[in-house]
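A.B. asks: Sequence plus predicted model, see below.
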Amino acid sequence: MIGKLNHVAIAVPDLVAAADQYRGLGASVSAPQDLAEHGVTVVFVELPNTKIELLHPFGETSPITSFLDKNPSGGIHHLCFEVDDIKAASARIVETGARILGDGQPKIGAHGKPVIFVHPKDFQGTLIEFEQA
């Protein structure tokens with residue numbers, strides 16, 4: 001079921017500075033993209049074997065705001081793995097006893113594909129995102 005690592009997401013207090021840091025190392029860095037439904041602005045850093053997703057709060061109810069309140073310098077927010085079938089993956093995750101966040105239904109993520117998030121308490125303390133490949 002679980003596929004390759006799609007990206008590592010890092011919450012950052014200054015999106016421009018973080019993007020510039022990776023750009024300064026020669027990485028290809030995307031333009032910022034606002035995802036109002038998820039409460040984030042994202043920038044993707046393209047690497048040969050995966051991506052880094054830089055997350056910054058968008059809107060007053062952004063979940064990234066509380067993360068940055070606890071971690072003012074930022075830090076790793078979640079890992080994202082690809083799956084072939086998001087609905088089958090959702091069912092399998094629930095069968096294992098893990099909780100899918102929100103209403104349990106996939107939402108469209110930053111890559112325009114369905115995603116779900118699994119509660120960190122059910123995944124060794126790490127927020128996990130699954131994205132349909």
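C.D. replies: Happy to help now that I have it. Numbering: from 1, shown residues only.

A.B. asks: pretty sure residue 104 contacts residue 93?
C.D. replies: No - under the contact definition of Cβ atoms under 8 Å, residue 104 does not touch residue 93, with a separation of 9.8 Å. In short, each C-beta sits where N, CA and C put it, glycine included.

A.B. asks: Which neighbours do these two have in common?
C.D. replies: Residues touching both residue 104 and residue 93 (Cβ atoms under 8 Å, 6 or more residues apart in numbering): residue 116.

A.B. asks: So for the two, which sits in the more crowded spot?
C.D. replies: Set side by side, residue 104 and residue 93 give different neighbour counts by other Cβ atoms under 10 Å, the larger being at residue 93 (22 against 11).

A.B. asks: List the contacts of that one.
C.D. replies: Shown in contact with residue 93 (Cβ under 8 Å, 6+ apart): 100, 116, 118, 130.

A.B. asks: Residue 107 too?
C.D. replies: Taking Cβ under 8 Å, 6+ apart, one finds 37-38, 114-116 in contact with residue 107.

A.B. asks: how about 7 Å then?
C.D. replies: Under the criterion of Cβ atoms under 7 Å, 6 or more residues apart in numbering, the contact list for residue 107 reads 37, 115.

A.B. asks: Same check on residue 2?
C.D. replies: Contacts of residue 2 by Cβ under 7 Å, 6+ apart are 81, 83.

A.B. asks: go on, residue 101?
C.D. replies: Applying Cβ under 7 Å, 6+ apart, we find residue 101 in contact with 117, 119.

A.B. asks: What separation is there between it and residue 123?
C.D. replies: When distance is defined by Cβ to Cβ, to the nearest Å, residue 101 is 11 Å away from residue 123.

A.B. asks: Check residue 60 too.
C.D. replies: Following Cβ to Cβ, the distance that separates residue 60 from residue 123 is 28 Å.

A.B. asks: neighbour-wise, which of these two wins?
C.D. replies: For residue 60 and residue 123, the more surrounded residue by other Cβ under 10 Å is residue 123, and the numbers stand at 17 against 7.

A.B. asks: wait, which of the contacts of residue 93 is closest to residue 88?
C.D. replies: Of all the contacts of residue 93, the one with the least separation from residue 88 (Cβ to Cβ) is residue 130, at 10.5 Å.
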